[in-house]
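Novice: generate a structure from the sequence data that follows.
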Amino acid sequence: MNEKDRIADENFGLVHACCKRFTGKGIEYEELFSAGCLGLAKAINNFDTSLNYQFSTYAFPVIIGEIKRLFRDGGTIRVSRSLKELSMNINRLNNEQKIKNGKELTISQLAKKLEVSEEKIVDALNCVKAPLSLTSEYDEEGNPQIDVPTDDIQDEISERLSLIQALSLLEDNDRQIIKLRYYQNKTQVQTAKILNMTQVQVSRREKKILGIIREKMSG
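Specialist: Residues are numbered from 1 along each chain as shown. This is a model prediction of the structure:
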């Protein structure tokens, strides 16, 4: 048994645990498990062993994300194609903005950039929210769980982990440029002075690095 097979064998229990969160919501368990296994395979292929956290910490949001994709793409909750495309464009813009400035765009900014109404932006954001259980299936007194709509924090965690992994794969100098520009809010001139580069060199390299990060996060 090779290393990847060993990791997969050790984490099938995690896949089952993730699937149980979505049982009884309109999709057969076999489909849930297949999606979960796909997420596990992606996690195994993309996990960076040099990072200081356990594999299960990285794999959990990836598995959850693949299962939730079933509901977004073909589950019991139907969403129009135009709304799905709008939500994808919102996600793309927000990812780019988080890489550049560390925060997402506001609803009004998104509406202006995508040339749609703010109401459409809100609808698109709501269409990708999923119920998140506040408790286990039953509490200590035997009462059923309560599900309420809330932001999908697992997808956010997955994106942040993907960003961390993408940054970890950069060359030391490239990583230093990103650290100075986007974590310490240095100007290109200040960054160039610290790294003994010209402002033009920093500008060109920064543009290339951001492209590399986007490619790695979408791969």
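
Novice: now do the strands in this protein.
Specialist: Secondary structure of the chain (DSSP state E): strands located at 130-133, 147-150.

Novice: off-centre distance for stretch 53-70?
Specialist: Taking the mean of its C-alpha atoms, stretch 53-70 sits 10 Å from the chain's own mean (Cα atoms, centre = their mean, to the nearest Å).

Novice: check stretch 94-112 too.
Specialist: Relative to its chain's centre, stretch 94-112 lies at 15 Å (Cα atoms, centre = their mean).

Novice: list the buried residues in that stretch.
Specialist: 94-95, 97-99, 104-105, 110-111 (16 or more other Cβ atoms under 10 Å). Where you see a C-beta, it was placed from the backbone N, CA and C, and this is true even at glycine.

Novice: export only the CA atoms of that stretch, formatted as CSV.
Specialist: Provided in CSV are the C-alpha atoms of stretch 94-112 (Å, rounded to 0.1, in the frame of the first residue of the first chain):
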residue,chain,number,x,y,z
ASN,A,94,-13.9,38.6,-3.7
ASN,A,95,-10.9,36.1,-4.0
GLU,A,96,-9.0,38.6,-6.1
GLN,A,97,-9.8,41.4,-3.6
LYS,A,98,-8.8,39.3,-0.6
ILE,A,99,-5.4,38.6,-2.2
LYS,A,100,-4.9,42.3,-3.0
ASN,A,101,-6.3,44.0,0.0
GLY,A,102,-7.2,41.3,2.6
LYS,A,103,-10.9,42.0,2.5
GLU,A,104,-14.0,41.4,0.3
LEU,A,105,-15.9,43.9,-1.7
THR,A,106,-19.1,45.4,-0.3
ILE,A,107,-22.5,44.6,-1.9
SER,A,108,-22.6,48.1,-3.5
GLN,A,109,-19.1,47.7,-4.9
LEU,A,110,-20.0,44.2,-6.3
ALA,A,111,-23.2,45.6,-7.9
LYS,A,112,-21.2,48.4,-9.6
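
Novice: what's the average pLDDT for that stretch?
Specialist: Averaging pLDDT along stretch 94-112 yields 79.

Novice: before we move on, what about stretch 169-185?
Specialist: 85.

Novice: can you list contacts of it?
Specialist: Residues from elsewhere that reach stretch 169-185 (Cβ atoms under 8 Å, 6 or more residues apart in numbering): 48, 99-102, 167-168, 186, 188, 190-191, 194-195, 202, 205-206, 209, 212-213, 216.
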